[in-house]
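Novice: Sequence first, predicted model second:
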Amino acid sequence: MALKKHHWFPFYYLDWLSDSALVMMTYSEKGLYMDMLARCYNEDGLPSDNKKLMRLFKCDQDDLDECVKMFYKKDEKLLNKKLDEIKKEQQNVSKVKSRAGKASAEARKNKRLIESTGVEQVLNSVETEHQQNPTNREEKRRVSNNTIDKEKSKPKKQANIIPPKLEWIEDYCKEKGKNIDCGKFFNYYESNGWKVGKNKMKSWPAALSNWGKNNFDSSQPTFQRYEPANAAPLPIPTMVQPIGDLWK
């Protein structure tokens with residue numbers, strides 16, 4: 001597998017400043033050495049022939065001799081140990097990232113496959129069951145149809161049906177334990193068109209609850225004039241007297 005070729009390499013400035021061989025170099029030699037490192041990294045080595053190197057880097061023999069000491073020869077090429085370490089480290093990192101990327105892609109692929117296969121398996125299992133058990137299929141269909149018919153035949157919620165039946169009101173009071181004259185409640189709202197105030201009634205159980213709270217079943221008290229037991233009856237005037245005579 002071809003590894004990714006990097007277009008950069010790290011520069012360890014502390015190694016550069018502390019290397020005794022670099023400390024003894026001139027600025028021109030250091031510049032030549034840096035140029036040689038860059039080309040060696042990019043081309044995986046330098047030619048070992050000094051004449052080619054002098055033409056390639058346009059340098060003199062003295063500067064080249066100092067810089068060549070920083071390389072070692074292998075298979076007719078000049079290599080650098082520090083660059084070899086950097087390349088090896090970069091290749092290891094690339095391999096780890098490549099394996100992680102492939103594992104992640106495989107996991108996503110398997111997840112999509114499991115999701116799609118799961119749906120297919122469910123559909124296939126249902127189809128297989130229907131094919132193998134046609135009688136069971138018909139039975140399930142019959143039960144399902146009966147359930148739907150029962151649901152359709154159910155009456156609407158009685159609380160929202162206006163006007164209600166007297167039997168509903170009586171059953172509701174028995175169930176809730178309400179001591180209410182159901183006939184009186186029914187006749188009252190039957191006479192006013194089942195309205196609460198000016199609005200049409202929306203829920204007769206709510207109206208029934210308010211009926212019980214307001215104690216509409218009890219008869220209204222009669223108020224009598226209070227008279228003491230031994231009080232004499234007031235005289236009834238037989239004629240209208242002038243106002244002035246009342247003060248005599």
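Specialist: Alright, I've got the coordinates.
Novice: Looking at stretch 184-204 now, give me its mean pLDDT.
Specialist: The predicted model gives stretch 184-204 an average pLDDT of 88.
Novice: list the buried ones in that stretch?
Specialist: Within stretch 184-204, the residues that count as buried by 16 or more other C-beta atoms under 10 Å are 185, 186, 189, 194, 201, 204. Just so you know, the C-beta spots here come from the backbone N, C-alpha and C atoms, and that holds for glycine as well.
Novice: cool, and stretch 11-25?
Specialist: residue 25.
Novice: Quick one: the strands in this protein, in order.
Specialist: Per DSSP state E, the chain carries strands over the ranges 46-47, 72-74, 77-79, 195-196, 199-200.
Novice: With distance to residue 106 added, can I get the ones you listed in TSV?
Specialist: What follows is the strands of the chain, written out as TSV (distance: least, C-beta to C-beta, whole Å):
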stretch	distance to residue 106
strand 46-47	41
strand 72-74	39
strand 77-79	37
strand 195-196	69
strand 199-200	67
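Novice: and of the buried residues of stretch 184-204, the nearest to residue 172?
Specialist: Distance to residue 172 across the buried residues of stretch 184-204 (C-beta to C-beta) is lowest for residue 204, with 8.5 Å.
Novice: What sits closest to that closest one if chain neighbours are left out?
Specialist: Nearest residue to residue 204 in three dimensions, chain neighbours excluded: residue 164, at 4.8 Å (C-beta to C-beta, 6 or more residues apart in numbering).
Novice: just for the chain, where's the confidence low?
Specialist: Residue ranges of the chain with pLDDT under 70: 1-3, 118-140, 143-157, 159, 215-248.
Novice: okay, now the domains of it?
Specialist: 13-79, 87-137, 158-212 (automatic domain parsing).
Novice: returning to what we had before: switch the buried residues of stretch 184-204 over to CSV; also include distance to residue 78.
Specialist: Putting the buried residues of stretch 184-204 into CSV (distance: C-beta to C-beta, whole Å) gives the following:
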residue, distance to residue 78
185, 111
186, 113
189, 110
194, 107
201, 103
204, 103
